[in-house]
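S.K.: Provided below are the primary sequence and the corresponding predicted coordinates.
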Amino acid sequence: MNWLMQFEILGEVALAMLLGGVIGFEREMADKPAGFRTQMLVAGASALLVGLADAMLLRYIVEGKNNITADPIRITEAIVTGISFLGAGTIFRRDSSEQVQGLTTAASILLCAAVGISVALRQFALAVGVTLLALVVLRGLTGVENRLNGKKKA
């Protein structure tokens, strides 16, 4: 057993969850459906799945099963597919109007998954930078969006 690798993956999952929690905290403050805990779990799950894929490959190499071919893109495709399903559950139409809600929350869930993948690939600066950019978009651009929406209604 490779205990060091397991603890490295655990650390990556914890960092991914922390960064996902930062984005989730903003969603929670905005009273959106997928908040703090959901975003943390999405980011952590994404990091864990990538880490497990690495561990699986390493195990096959150590056991001498060199006939296995691996495509690391497959795990990210699976994560995106699963997260897209989760995100779709947050999108709904308000009453009978044409106003759709939850798109930003769905996008933030997908972004949290990407942050988790970034952490698992040890792209720490990228993961932290994207988290900060997400906060700028989610929190900082709300006023711009409100002004644009006000002009559309007028």
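M.R.: The structure has been received and is ready for your questions.

S.K.: alpha carbons only for contacts and neighbour counts from here, please
M.R.: OK.

S.K.: Find the helix or strand that the nearest residue to Thr38 once chain neighbours are set aside is a member of.
M.R.: Of all residues not flanking Thr38 in the chain, Gly24 sits nearest, at 7.1 Å (CA to CA, 6 or more residues apart in numbering). Element membership of Gly24 [criterion: DSSP states H and E] is helix 3-29.

S.K.: what packs against that helix?
M.R.: Under the contact definition 3 or more CA pairs under 8 Å, 6 or more residues apart in numbering; DSSP states H and E, helix 3-29 sits against helix 36-62, helix 103-120, helix 124-135.

S.K.: now the first one: mean pLDDT?
M.R.: Translated: helix 36-62. Averaged over helix 36-62, pLDDT sits at 85.

S.K.: Can you report how many residues lie near Ser84?
M.R.: The number of residues packed near Ser84 is 16, by other CA atoms under 10 Å.

S.K.: Give the rounded mean pLDDT of whichever strand or helix holds it.
M.R.: Taking DSSP H and E as the definition, Ser84 sits inside helix 73-88. Averaged over helix 73-88, pLDDT sits at 88.

S.K.: ok, and what's touching the helix or strand just after that helix?
M.R.: Proceeding N to C from helix 73-88, the next assigned helix or strand is strand 92-93, under DSSP H and E. Residues outside strand 92-93 that contact it (CA atoms under 8 Å, 6 or more residues apart in numbering): 99-102.
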